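Asks: Got a predicted model here, sequence first, then my questions.
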Amino acid sequence: MHRPDVLECLANLSSDEVFTPPAFARGMLDRLPDRVWRDPSLKWLDPCTKSGIFLYEAAQRLMEGLKSEIPDYRDRREHIYRNMLYGIAISELTGLISRRTLYHCKDASLGAYSIVRFDNPEGNIRFPEVQFEGKGGKRIHFGVSKAKKRIEEGREAHIHPFLHMSLRKIFEEDNMHADIIIGNPPYQMQDGGGTGKSATPLYNRFVEKAKEIDPELLTFVIPARWYAGGKGLDNFRSEMLSDTKISILVDYPRSGDVFPDVDIAGGICSFLRDKNHQGDCLVLPNGETRGATLRRLDAHQVFVRDSRDVAILEKVLAKTQAQGWGVMSSIVRPRNFYGLQAHKLPSSVTDEQSSSEATMLVTKDGDKYIPKDAVSKNAETINHWKVIISKTNPQGGKADKQGLRVVISKPRVIPPNSACTETYLVINLFQQHEPAGRLLDYVKSRFFRFLVSLKTPTHNISQTCFGFVPQLPLDRNWTDEILYELFELESSEIAHIESKIKPIN
(Lines give C-alpha, C1' and ligand atoms only; values in the text may rest on other atoms or scores of the structure.)
Protein backbone atom coordinates (compact mmCIF):
# COMPACT_ATOMS: atom_id res chain seq x y z
CA MET A 1 0.00 0.00 0.00
CA HIS A 2 1.36 3.43 -0.97
CA ARG A 3 2.04 5.69 2.01
CA PRO A 4 2.51 9.24 0.71
CA ASP A 5 5.13 11.51 2.23
CA VAL A 6 3.36 14.05 4.45
CA LEU A 7 5.42 16.81 2.79
CA GLU A 8 3.77 15.91 -0.51
CA CYS A 9 0.34 16.54 0.99
CA LEU A 10 0.79 20.06 2.40
CA ALA A 11 -1.56 22.68 0.99
CA ASN A 12 0.07 25.95 -0.03
CA LEU A 13 -0.57 28.75 2.45
CA SER A 14 -0.83 31.37 -0.30
CA SER A 15 0.34 32.07 -3.83
CA ASP A 16 3.63 33.28 -2.35
CA GLU A 17 4.08 30.55 0.25
CA VAL A 18 4.37 27.63 -2.15
CA PHE A 19 5.72 24.43 -0.65
CA THR A 20 8.42 22.75 -2.71
CA PRO A 21 7.54 19.16 -3.69
CA PRO A 22 10.05 16.71 -2.15
CA ALA A 23 10.95 15.15 -5.51
CA PHE A 24 11.82 18.55 -6.97
CA ALA A 25 13.89 19.48 -3.91
CA ARG A 26 15.81 16.22 -4.29
CA GLY A 27 16.47 17.05 -7.94
CA MET A 28 18.00 20.40 -6.97
CA LEU A 29 20.22 18.66 -4.42
CA ASP A 30 21.23 16.06 -7.04
CA ARG A 31 22.85 18.82 -9.10
CA LEU A 32 25.21 19.86 -6.33
CA PRO A 33 28.75 18.49 -6.60
CA ASP A 34 29.30 15.21 -4.71
CA ARG A 35 32.04 16.70 -2.54
CA VAL A 36 29.53 18.74 -0.49
CA TRP A 37 28.17 15.59 1.15
CA ARG A 38 31.60 14.65 2.50
CA ASP A 39 32.62 18.02 3.92
CA PRO A 40 31.73 18.53 7.63
CA SER A 41 32.92 22.15 7.62
CA LEU A 42 30.18 23.49 5.33
CA LYS A 43 27.24 25.52 6.60
CA TRP A 44 23.94 25.13 4.75
CA LEU A 45 21.25 27.83 4.74
CA ASP A 46 17.67 27.87 3.53
CA PRO A 47 16.87 31.60 3.87
CA CYS A 48 13.16 31.20 3.16
CA THR A 49 12.21 27.83 4.61
CA LYS A 50 8.55 26.84 4.50
CA SER A 51 8.23 23.07 4.89
CA GLY A 52 11.88 22.42 5.76
CA ILE A 53 12.23 19.99 2.86
CA PHE A 54 15.62 21.23 1.63
CA LEU A 55 17.23 20.97 5.06
CA TYR A 56 15.58 17.62 5.73
CA GLU A 57 16.82 16.09 2.47
CA ALA A 58 20.28 17.58 2.96
CA ALA A 59 20.41 16.05 6.47
CA GLN A 60 19.67 12.55 5.12
CA ARG A 61 22.47 12.80 2.55
CA LEU A 62 24.95 14.26 5.01
CA MET A 63 24.26 11.46 7.49
CA GLU A 64 25.37 9.03 4.79
CA GLY A 65 28.15 11.10 3.25
CA LEU A 66 29.93 11.93 6.52
CA LYS A 67 30.16 8.36 7.82
CA SER A 68 33.89 8.17 7.20
CA GLU A 69 34.56 11.64 8.64
CA ILE A 70 32.40 11.17 11.75
CA PRO A 71 31.89 7.40 12.25
CA ASP A 72 29.82 7.59 15.44
CA TYR A 73 26.12 7.91 14.54
CA ARG A 74 25.15 10.17 17.45
CA ASP A 75 28.18 12.43 17.06
CA ARG A 76 27.51 12.71 13.32
CA ARG A 77 23.86 13.57 13.83
CA GLU A 78 24.72 16.09 16.54
CA HIS A 79 27.31 17.81 14.33
CA ILE A 80 25.07 17.96 11.23
CA TYR A 81 21.95 19.33 12.91
CA ARG A 82 23.75 21.67 15.31
CA ASN A 83 26.64 23.00 13.20
CA MET A 84 25.72 22.58 9.52
CA LEU A 85 21.99 23.17 8.88
CA TYR A 86 20.33 26.59 9.27
CA GLY A 87 17.02 28.03 8.16
CA ILE A 88 15.16 31.37 8.22
CA ALA A 89 11.37 30.96 8.22
CA ILE A 90 9.18 33.25 6.13
CA SER A 91 6.48 33.27 8.81
CA GLU A 92 5.93 32.01 12.33
CA LEU A 93 3.81 29.15 10.98
CA THR A 94 6.36 27.96 8.44
CA GLY A 95 8.99 28.08 11.15
CA LEU A 96 6.94 25.63 13.20
CA ILE A 97 6.40 23.39 10.17
CA SER A 98 10.10 23.42 9.27
CA ARG A 99 11.16 22.53 12.81
CA ARG A 100 8.67 19.69 12.84
CA THR A 101 10.16 18.43 9.56
CA LEU A 102 13.82 18.78 10.49
CA TYR A 103 13.85 18.13 14.23
CA HIS A 104 10.67 16.01 14.43
CA CYS A 105 9.39 18.52 16.96
CA LYS A 106 8.19 22.14 16.72
CA ASP A 107 10.13 22.94 19.92
CA ALA A 108 13.81 22.13 19.43
CA SER A 109 14.53 22.41 23.16
CA LEU A 110 12.42 19.37 24.05
CA GLY A 111 15.10 16.71 24.33
CA ALA A 112 12.64 13.82 24.60
CA TYR A 113 11.16 14.66 21.19
CA SER A 114 13.61 16.81 19.19
CA ILE A 115 16.11 14.81 17.16
CA VAL A 116 18.82 17.09 18.58
CA ARG A 117 18.27 19.08 21.74
CA PHE A 118 18.97 22.82 21.52
CA ASP A 119 19.01 25.38 24.32
CA ASN A 120 16.24 27.37 22.58
CA PRO A 121 12.87 26.34 21.04
CA GLU A 122 13.84 27.55 17.56
CA GLY A 123 17.05 25.58 17.19
CA ASN A 124 18.75 26.72 13.99
CA ILE A 125 15.47 27.64 12.27
CA ARG A 126 14.86 31.25 13.17
CA PHE A 127 12.10 33.78 12.68
CA PRO A 128 13.49 36.83 14.47
CA GLU A 129 11.99 40.25 14.98
CA VAL A 130 12.93 42.67 12.23
CA GLN A 131 13.78 46.34 12.33
CA PHE A 132 14.14 48.41 9.20
CA GLU A 133 13.66 51.94 8.01
CA GLY A 134 10.26 52.71 6.50
CA LYS A 135 8.94 55.67 4.53
CA GLY A 136 10.11 59.08 5.69
CA GLY A 137 12.98 57.53 7.66
CA LYS A 138 10.62 56.19 10.30
CA ARG A 139 12.04 53.22 12.16
CA ILE A 140 9.61 50.30 11.91
CA HIS A 141 9.71 47.34 14.27
CA PHE A 142 7.96 44.05 13.52
CA GLY A 143 7.97 41.14 15.92
CA VAL A 144 6.68 37.61 15.90
CA SER A 145 3.53 38.79 17.64
CA LYS A 146 2.53 40.69 14.49
CA ALA A 147 3.24 37.84 12.07
CA LYS A 148 -0.43 37.05 11.44
CA LYS A 149 -1.26 40.66 10.64
CA ARG A 150 1.71 40.90 8.27
CA ILE A 151 0.56 37.80 6.40
CA GLU A 152 -2.98 39.16 6.09
CA GLU A 153 -1.68 42.46 4.76
CA GLY A 154 0.61 40.76 2.26
CA ARG A 155 3.73 42.35 3.76
CA GLU A 156 5.27 39.25 5.32
CA ALA A 157 7.87 38.60 2.64
CA HIS A 158 8.75 42.28 2.21
CA ILE A 159 10.13 42.49 5.76
CA HIS A 160 11.75 39.10 5.72
CA PRO A 161 14.71 38.90 8.14
CA PHE A 162 17.04 37.61 5.41
CA LEU A 163 16.57 40.86 3.46
CA HIS A 164 17.06 43.22 6.40
CA MET A 165 19.36 41.53 8.90
CA SER A 166 22.82 39.98 8.90
CA LEU A 167 23.21 36.25 9.42
CA ARG A 168 25.28 37.06 12.49
CA LYS A 169 22.32 38.84 14.10
CA ILE A 170 19.73 36.27 13.02
CA PHE A 171 21.63 33.28 14.39
CA GLU A 172 23.52 35.13 17.15
CA GLU A 173 26.84 33.69 16.00
CA ASP A 174 29.75 36.08 15.50
CA ASN A 175 31.38 33.97 12.79
CA MET A 176 28.14 32.88 11.07
CA HIS A 177 28.45 32.43 7.33
CA ALA A 178 26.77 30.34 4.64
CA ASP A 179 28.71 28.10 2.28
CA ILE A 180 25.65 26.69 0.49
CA ILE A 181 22.35 28.58 0.09
CA ILE A 182 19.34 26.70 -1.21
CA GLY A 183 15.63 27.44 -1.25
CA ASN A 184 12.39 28.60 -2.81
CA PRO A 185 11.97 32.31 -2.01
CA PRO A 186 8.67 34.26 -1.94
CA TYR A 187 7.84 35.34 -5.46
CA GLN A 188 6.03 38.66 -5.18
CA MET A 189 4.12 41.11 -3.04
CA GLN A 190 0.94 42.94 -3.94
CA ASP A 191 1.45 46.68 -4.34
CA GLY A 192 -2.01 47.81 -5.39
CA GLY A 193 -0.76 49.62 -8.47
CA GLY A 194 -2.31 49.77 -11.92
CA THR A 195 -5.94 49.45 -12.89
CA GLY A 196 -6.28 46.11 -11.15
CA LYS A 197 -4.15 43.96 -8.94
CA SER A 198 -0.48 44.67 -9.30
CA ALA A 199 2.45 42.76 -7.88
CA THR A 200 6.10 43.62 -7.41
CA PRO A 201 8.60 40.77 -7.84
CA LEU A 202 10.37 39.82 -4.63
CA TYR A 203 12.38 36.73 -5.56
CA ASN A 204 15.02 38.89 -7.26
CA ARG A 205 15.81 40.55 -3.93
CA PHE A 206 16.44 37.16 -2.33
CA VAL A 207 18.79 36.21 -5.16
CA GLU A 208 20.63 39.51 -4.92
CA LYS A 209 21.01 39.24 -1.14
CA ALA A 210 22.24 35.65 -1.45
CA LYS A 211 24.85 36.76 -3.99
CA GLU A 212 26.03 39.48 -1.58
CA ILE A 213 26.74 36.77 1.00
CA ASP A 214 28.90 35.11 -1.68
CA PRO A 215 28.36 31.43 -0.84
CA GLU A 216 30.32 28.68 -2.50
CA LEU A 217 27.09 27.36 -4.03
CA LEU A 218 23.69 29.01 -4.50
CA THR A 219 20.60 27.27 -5.88
CA PHE A 220 17.07 28.67 -5.90
CA VAL A 221 13.82 27.87 -7.69
CA ILE A 222 12.17 31.08 -8.95
CA PRO A 223 9.69 32.26 -11.62
CA ALA A 224 11.19 32.34 -15.11
CA ARG A 225 9.56 35.58 -16.20
CA TRP A 226 12.85 37.37 -15.52
CA TYR A 227 14.10 35.84 -18.80
CA ALA A 228 12.40 38.55 -20.83
CA GLY A 229 10.00 40.60 -18.72
CA GLY A 230 8.82 41.28 -15.20
CA LYS A 231 8.12 44.50 -13.37
CA GLY A 232 11.35 46.28 -12.46
CA LEU A 233 13.52 43.32 -13.43
CA ASP A 234 15.66 44.89 -16.17
CA ASN A 235 18.77 45.23 -14.00
CA PHE A 236 18.23 41.83 -12.42
CA ARG A 237 17.90 40.20 -15.84
CA SER A 238 21.07 41.87 -17.07
CA GLU A 239 23.01 40.74 -14.00
CA MET A 240 21.73 37.17 -14.20
CA LEU A 241 22.47 36.81 -17.91
CA SER A 242 25.99 38.19 -17.52
CA ASP A 243 26.76 36.06 -14.44
CA THR A 244 29.26 33.50 -15.71
CA LYS A 245 29.20 31.72 -12.33
CA ILE A 246 25.75 30.27 -13.11
CA SER A 247 26.68 26.75 -14.16
CA ILE A 248 23.24 25.14 -14.54
CA LEU A 249 19.84 26.55 -15.49
CA VAL A 250 16.86 24.17 -15.36
CA ASP A 251 13.91 25.53 -17.33
CA TYR A 252 10.23 24.56 -16.91
CA PRO A 253 7.95 26.48 -19.32
CA ARG A 254 4.89 25.00 -17.54
CA SER A 255 4.92 25.64 -13.80
CA GLY A 256 2.35 22.86 -13.32
CA ASP A 257 5.06 20.32 -14.14
CA VAL A 258 6.63 21.21 -10.78
CA PHE A 259 3.86 22.85 -8.73
CA PRO A 260 0.65 21.05 -9.72
CA ASP A 261 -1.67 23.42 -7.85
CA VAL A 262 -0.02 26.72 -8.75
CA ASP A 263 -0.16 28.58 -12.06
CA ILE A 264 2.91 30.78 -12.54
CA ALA A 265 2.84 32.76 -15.77
CA GLY A 266 6.00 32.23 -17.80
CA GLY A 267 6.91 29.02 -15.99
CA ILE A 268 9.67 28.52 -13.44
CA CYS A 269 13.36 27.74 -13.34
CA SER A 270 16.02 26.65 -10.91
CA PHE A 271 19.64 27.66 -11.20
CA LEU A 272 22.94 26.64 -9.66
CA ARG A 273 25.53 29.34 -9.09
CA ASP A 274 29.00 27.96 -8.41
CA LYS A 275 31.53 30.46 -7.08
CA ASN A 276 34.33 28.56 -8.82
CA HIS A 277 32.59 28.23 -12.21
CA GLN A 278 33.49 30.54 -15.05
CA GLY A 279 31.97 30.13 -18.50
CA ASP A 280 28.93 28.82 -20.33
CA CYS A 281 25.83 27.48 -18.62
CA LEU A 282 24.29 24.04 -19.04
CA VAL A 283 20.61 24.57 -19.87
CA LEU A 284 18.33 21.64 -19.03
CA PRO A 285 14.82 21.78 -20.55
CA ASN A 286 12.29 20.39 -18.06
CA GLY A 287 15.12 19.07 -15.92
CA GLU A 288 16.16 16.48 -18.50
CA THR A 289 19.62 15.88 -19.91
CA ARG A 290 18.01 15.07 -23.25
CA GLY A 291 18.03 18.29 -25.21
CA ALA A 292 20.53 19.91 -22.83
CA THR A 293 22.72 22.60 -24.36
CA LEU A 294 25.79 24.50 -23.22
CA ARG A 295 25.03 28.17 -23.81
CA ARG A 296 26.07 31.72 -23.11
CA LEU A 297 23.18 33.21 -21.18
CA ASP A 298 23.88 36.73 -22.42
CA ALA A 299 23.91 35.90 -26.13
CA HIS A 300 20.84 38.15 -26.47
CA GLN A 301 19.26 40.87 -24.36
CA VAL A 302 16.77 38.30 -23.08
CA PHE A 303 17.11 34.58 -22.47
CA VAL A 304 15.53 32.56 -25.27
CA ARG A 305 14.68 29.24 -23.64
CA ASP A 306 14.53 26.94 -26.70
CA SER A 307 17.80 26.41 -28.62
CA ARG A 308 15.78 25.86 -31.82
CA ASP A 309 14.27 29.31 -31.36
CA VAL A 310 17.77 30.72 -30.98
CA ALA A 311 18.87 29.33 -34.36
CA ILE A 312 15.93 30.99 -36.11
CA LEU A 313 16.35 34.25 -34.21
CA GLU A 314 20.00 34.54 -35.13
CA LYS A 315 19.17 34.14 -38.82
CA VAL A 316 16.57 36.89 -38.54
CA LEU A 317 18.85 39.25 -36.63
CA ALA A 318 21.71 38.73 -39.07
CA LYS A 319 19.49 39.51 -42.07
CA THR A 320 17.95 42.51 -40.30
CA GLN A 321 21.35 43.98 -39.57
CA ALA A 322 22.68 43.28 -43.06
CA GLN A 323 19.71 45.05 -44.64
CA GLY A 324 19.85 47.97 -42.21
CA TRP A 325 16.28 47.46 -41.05
CA GLY A 326 15.18 48.70 -37.68
CA VAL A 327 13.07 46.75 -35.19
CA MET A 328 9.38 47.16 -34.47
CA SER A 329 9.92 48.14 -30.83
CA SER A 330 11.21 51.50 -32.07
CA ILE A 331 7.84 52.40 -33.63
CA VAL A 332 5.28 50.67 -31.38
CA ARG A 333 3.67 53.39 -29.27
CA PRO A 334 3.88 53.38 -25.46
CA ARG A 335 1.19 51.89 -23.27
CA ASN A 336 -1.94 54.06 -22.86
CA PHE A 337 -1.03 56.16 -25.88
CA TYR A 338 -4.19 58.27 -25.66
CA GLY A 339 -4.31 58.49 -21.87
CA LEU A 340 -7.72 56.82 -21.64
CA GLN A 341 -8.06 54.32 -18.81
CA ALA A 342 -9.90 51.09 -19.43
CA HIS A 343 -11.91 51.24 -16.20
CA LYS A 344 -12.54 54.99 -16.15
CA LEU A 345 -13.99 56.15 -19.46
CA PRO A 346 -14.87 59.82 -20.04
CA SER A 347 -18.31 60.70 -18.67
CA SER A 348 -19.29 61.83 -22.17
CA VAL A 349 -18.94 58.32 -23.65
CA THR A 350 -21.90 56.92 -25.62
CA ASP A 351 -22.69 53.61 -27.26
CA GLU A 352 -23.97 55.25 -30.43
CA GLN A 353 -22.42 57.92 -32.63
CA SER A 354 -24.33 61.07 -31.75
CA SER A 355 -22.75 63.20 -34.50
CA SER A 356 -20.28 62.94 -37.35
CA GLU A 357 -17.77 64.78 -35.19
CA ALA A 358 -17.79 62.11 -32.47
CA THR A 359 -14.57 60.09 -32.17
CA MET A 360 -14.75 56.30 -32.14
CA LEU A 361 -13.19 54.86 -29.00
CA VAL A 362 -12.09 51.21 -29.03
CA THR A 363 -12.58 49.76 -25.54
CA LYS A 364 -12.50 46.34 -23.91
CA ASP A 365 -16.30 46.37 -24.12
CA GLY A 366 -16.48 47.25 -27.79
CA ASP A 367 -16.51 50.41 -29.87
CA LYS A 368 -17.98 53.51 -28.25
CA TYR A 369 -17.97 57.24 -28.99
CA ILE A 370 -16.63 60.33 -27.28
CA PRO A 371 -16.24 64.00 -28.23
CA LYS A 372 -12.94 64.67 -29.98
CA ASP A 373 -11.85 67.08 -27.24
CA ALA A 374 -12.10 64.23 -24.67
CA VAL A 375 -8.74 62.99 -25.99
CA SER A 376 -6.01 65.22 -24.60
CA LYS A 377 -2.96 62.99 -25.11
CA ASN A 378 -1.54 62.56 -28.65
CA ALA A 379 -4.74 64.09 -30.00
CA GLU A 380 -2.91 65.14 -33.18
CA THR A 381 -2.86 61.47 -34.28
CA ILE A 382 -6.62 60.90 -34.05
CA ASN A 383 -7.06 61.42 -37.79
CA HIS A 384 -4.51 58.75 -38.74
CA TRP A 385 -5.14 55.15 -39.71
CA LYS A 386 -3.97 52.99 -36.82
CA VAL A 387 -2.96 49.35 -36.39
CA ILE A 388 -3.77 48.21 -32.86
CA ILE A 389 -3.65 44.98 -30.84
CA SER A 390 -4.78 43.97 -27.38
CA LYS A 391 -2.03 44.57 -24.82
CA THR A 392 -2.96 41.31 -23.15
CA ASN A 393 -1.56 38.06 -24.45
CA PRO A 394 -4.49 35.65 -25.02
CA GLN A 395 -4.69 32.38 -23.08
CA GLY A 396 -2.52 34.01 -20.43
CA GLY A 397 0.44 33.52 -22.73
CA LYS A 398 0.07 29.74 -22.57
CA ALA A 399 -0.21 27.19 -25.32
CA ASP A 400 -3.43 25.30 -26.02
CA LYS A 401 -3.77 21.51 -25.85
CA GLN A 402 -2.01 21.22 -29.22
CA GLY A 403 0.92 23.28 -27.95
CA LEU A 404 -0.05 26.31 -30.07
CA ARG A 405 -0.02 29.94 -28.97
CA VAL A 406 -1.81 32.91 -30.50
CA VAL A 407 0.54 35.46 -28.85
CA ILE A 408 -1.32 38.50 -30.21
CA SER A 409 -5.07 39.06 -30.07
CA LYS A 410 -7.56 41.47 -31.59
CA PRO A 411 -5.28 42.94 -34.29
CA ARG A 412 -7.18 45.43 -36.42
CA VAL A 413 -6.95 48.64 -38.41
CA ILE A 414 -9.05 51.51 -37.07
CA PRO A 415 -9.91 54.50 -39.25
CA PRO A 416 -9.23 58.20 -38.87
CA ASN A 417 -11.17 59.98 -36.12
CA SER A 418 -10.58 57.13 -33.68
CA ALA A 419 -8.67 56.36 -30.50
CA CYS A 420 -8.34 53.47 -28.06
CA THR A 421 -8.10 52.92 -24.33
CA GLU A 422 -5.08 51.47 -22.52
CA THR A 423 -6.48 48.01 -23.24
CA TYR A 424 -4.83 48.30 -26.66
CA LEU A 425 -1.37 49.00 -28.01
CA VAL A 426 -0.92 51.22 -31.06
CA ILE A 427 1.55 49.46 -33.34
CA ASN A 428 1.88 52.30 -35.88
CA LEU A 429 0.09 55.25 -37.49
CA PHE A 430 -0.47 56.01 -41.18
CA GLN A 431 -1.88 58.71 -43.41
CA GLN A 432 -3.30 56.11 -45.78
CA HIS A 433 -5.10 52.79 -45.42
CA GLU A 434 -2.93 50.65 -47.73
CA PRO A 435 0.27 50.56 -45.58
CA ALA A 436 -1.86 50.06 -42.49
CA GLY A 437 -3.45 47.01 -44.10
CA ARG A 438 -0.06 45.63 -45.06
CA LEU A 439 1.25 46.06 -41.53
CA LEU A 440 -1.84 44.28 -40.22
CA ASP A 441 -1.07 41.29 -42.46
CA TYR A 442 2.50 41.30 -41.16
CA VAL A 443 1.32 41.42 -37.54
CA LYS A 444 -0.99 38.46 -38.15
CA SER A 445 1.75 36.31 -39.68
CA ARG A 446 3.09 33.38 -37.70
CA PHE A 447 6.61 34.69 -38.33
CA PHE A 448 5.87 38.05 -36.67
CA ARG A 449 4.07 36.51 -33.69
CA PHE A 450 6.79 33.89 -33.20
CA LEU A 451 9.40 36.64 -32.79
CA VAL A 452 7.14 38.53 -30.39
CA SER A 453 6.68 35.36 -28.32
CA LEU A 454 10.43 35.16 -27.66
CA LYS A 455 10.23 38.36 -25.61
CA THR A 456 6.77 37.84 -24.10
CA PRO A 457 7.04 35.48 -21.10
CA THR A 458 3.69 36.39 -19.54
CA HIS A 459 0.31 37.71 -20.62
CA ASN A 460 1.38 41.37 -20.88
CA ILE A 461 2.60 42.80 -24.19
CA SER A 462 4.63 46.00 -24.27
CA GLN A 463 6.92 47.90 -26.65
CA THR A 464 9.93 45.82 -25.67
CA CYS A 465 8.22 42.59 -26.78
CA PHE A 466 8.75 43.69 -30.41
CA GLY A 467 12.53 44.02 -30.09
CA PHE A 468 13.30 41.00 -32.29
CA VAL A 469 10.77 41.81 -35.06
CA PRO A 470 12.27 43.43 -38.19
CA GLN A 471 10.71 46.69 -39.30
CA LEU A 472 10.14 45.67 -42.90
CA PRO A 473 9.24 48.09 -45.71
CA LEU A 474 5.50 48.09 -46.38
CA ASP A 475 5.86 48.00 -50.16
CA ARG A 476 4.17 44.61 -50.47
CA ASN A 477 1.76 42.26 -48.72
CA TRP A 478 3.80 40.14 -46.30
CA THR A 479 2.77 36.50 -45.99
CA ASP A 480 4.43 33.73 -44.04
CA GLU A 481 5.59 32.09 -47.25
CA ILE A 482 7.32 35.28 -48.41
CA LEU A 483 8.82 35.87 -44.97
CA TYR A 484 10.15 32.33 -44.66
CA GLU A 485 11.84 32.68 -48.03
CA LEU A 486 13.19 36.15 -47.29
CA PHE A 487 14.92 34.94 -44.13
CA GLU A 488 16.04 31.67 -45.75
CA LEU A 489 14.40 29.43 -43.17
CA GLU A 490 14.78 25.70 -43.64
CA SER A 491 11.78 23.38 -43.73
CA SER A 492 12.55 22.12 -40.22
CA GLU A 493 12.64 25.71 -38.92
CA ILE A 494 9.34 26.52 -40.60
CA ALA A 495 7.81 23.40 -39.10
CA HIS A 496 9.11 24.44 -35.68
CA ILE A 497 7.48 27.88 -35.92
CA GLU A 498 4.19 26.38 -37.10
CA SER A 499 4.27 23.80 -34.31
CA LYS A 500 4.25 26.66 -31.81
CA ILE A 501 2.20 29.48 -33.34
CA LYS A 502 -1.49 29.21 -34.18
CA PRO A 503 -2.73 30.73 -37.45
CA ILE A 504 -5.22 33.59 -37.18
CA ASN A 505 -7.45 35.17 -39.80
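Replies: On my side now, so go ahead.
Asks: For the stretch 1-150 of the chain, give me the ranges with low pLDDT.
Replies: 1-17, 131-150 (pLDDT under 70).
Asks: ok, which stretches of the stretch 351-500 of the chain are strands?
Replies: Taking DSSP state E, counting those that start in this stretch, the strands of the stretch 351-500 of the chain run over residues 359-363, 366-370, 385-390, 412-414, 418-420, 424-430, 470-471.
Asks: any idea which of the ones you listed is most buried?
Replies: strand 418-420 (a mean of 25; mean count of other C-beta atoms under 10 Å). For the C-beta atoms, the positions are set from N, CA and C on the backbone; glycine is no exception.
Asks: Now tell me what touches that one from outside.
Replies: 337-338, 340, 359-363, 370, 375, 382, 386, 388, 414, 426 (C-beta atoms under 8 Å, 6 or more residues apart in numbering).
Asks: chain center to that strand, what's the gap?
Replies: Remark: strand 418-420 is offset 33 Å from the chain centroid, using C-alpha atoms, centre = their mean, to the nearest Å.
Asks: Quick check: the gap between residue 363 and residue 117.
Replies: Using C-beta to C-beta, to the nearest Å, one obtains 66 Å as the distance from residue 363 to residue 117.
Asks: try residue 283
Replies: In terms of C-beta to C-beta, residue 283 sits 45 Å off from residue 117.
Asks: which one of these two has more residues nearby?
Replies: residue 283 (20 against 17; other C-beta atoms under 10 Å).
Asks: helix, strand or coil for the more buried one?
Replies: Here residue 283 is recorded as strand under DSSP: H, G, I helix; E, B strand; the rest coil.
Asks: wait, it sits on residue 299?
Replies: No: if you go by C-beta atoms under 8 Å, residue 283 and residue 299 don't touch, sitting 11.2 Å apart.
Asks: Overlap of the contact sets of these two?
Replies: Residues within reach of residue 283 and of residue 299 at once, by C-beta under 8 Å, 6+ apart: there are none.
Asks: between the strands of the stretch 351-500 of the chain, which gets nearest to residue 39?
Replies: With C-beta to C-beta as the criterion, residue 39 lies closest to strand 470-471 of the strands of the stretch 351-500 of the chain, at 52.4 Å.
Asks: tell me the mean pLDDT for the closest one?
Replies: The predicted model gives strand 470-471 an average pLDDT of 98.
Asks: by contact count, what packs against it?
Replies: In this structure, strand 470-471 makes packing contacts with helix 307-323, strand 326-327, judged by 3 or more C-beta pairs under 8 Å, 6 or more residues apart in numbering; DSSP states H and E.
Asks: same thing but at 10 Å, please
Replies: The contact analysis (3 or more C-beta pairs under 10 Å, 6 or more residues apart in numbering; DSSP states H and E) places strand 470-471 against helix 307-323, strand 326-327, helix 433-444, helix 446-453.
Asks: So what are the sheet partners of it and their directions?
Replies: strand 326-327 (antiparallel) (DSSP bridges).
Asks: So which residues lie in contact with the strand it pairs with, not counting its own?
Replies: 317, 320, 451, 466-472 (C-beta atoms under 10 Å, 6 or more residues apart in numbering).
Asks: will you turn those residues into JSON lines that also has distance to residue 402?
Replies: What follows is these, written out as JSON lines (distance: C-beta to C-beta, whole Å):
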{"residue": "317", "distance to residue 402": "29"}
{"residue": "320", "distance to residue 402": "30"}
{"residue": "451", "distance to residue 402": "21"}
{"residue": "466", "distance to residue 402": "26"}
{"residue": "467", "distance to residue 402": "28"}
{"residue": "468", "distance to residue 402": "24"}
{"residue": "469", "distance to residue 402": "24"}
{"residue": "470", "distance to residue 402": "28"}
{"residue": "471", "distance to residue 402": "31"}
{"residue": "472", "distance to residue 402": "29"}
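Asks: Of all the helices and strands packed on strand 470-471, which one is nearest residue 109?
Replies: Among the helices and strands packed on strand 470-471, helix 307-323 comes nearest to residue 109, with 52.6 Å by C-beta to C-beta.
Asks: angle of that closest one against strand 281-285?
Replies: Going by axes from the mean of the first three to the mean of the last three C-alpha atoms, to 10 degrees, helix 307-323 is angled at 120 degrees with respect to strand 281-285.
Asks: Which neighbouring elements make contact with helix 307-323?
Replies: Using 3+ C-beta pairs under 10 Å, 6+ apart, the elements in contact with helix 307-323 are strand 293-295, strand 326-327, helix 446-453, strand 470-471, helix 480-486, helix 491-500.
Asks: give me that answer again for 7 Å
Replies: With contacts taken as 3 or more C-beta pairs under 7 Å, 6 or more residues apart in numbering; DSSP states H and E, helix 307-323 sits against helix 491-500.
Asks: for the helix it packs on, what is the average pLDDT?
Replies: Taken as a whole, helix 491-500 has a mean pLDDT of 97.
Asks: and that helix, how far from the chain's centre?
Replies: Remark: helix 491-500 is offset 26 Å from the chain centroid, using C-alpha atoms, centre = their mean.
Asks: Ok, stretch 60-80 next?
Replies: Using C-alpha atoms, centre = their mean, the offset of stretch 60-80 from its chain centre is 38 Å.
Asks: Residues in contact with that stretch: which ones?
Replies: Identification of contacts with stretch 60-80 by C-beta atoms under 7 Å, 6 or more residues apart in numbering yields 29, 37-38, 40, 59, 84, 116.
Asks: Tell me the buried residues in it?
Replies: Residues of stretch 60-80 classed as buried by neighbour count (16 or more other C-beta atoms under 10 Å): 61-63, 65-66, 70, 76-77, 79-80.
Asks: mind giving me the domain split of the protein?
Replies: Under the assignment automatic domain parsing, the domains of the chain span 1-184, 217-305, 311-500.
Asks: can you list those domains in a markdown table and add distance to residue 205?
Replies: Rendered in a markdown table, the data for the domains of the chain read as follows (distance: least, C-beta to C-beta, whole Å):
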| stretch | distance to residue 205 |
| --- | --- |
| domain 1-184 | 6 |
| domain 217-305 | 9 |
| domain 311-500 | 19 |
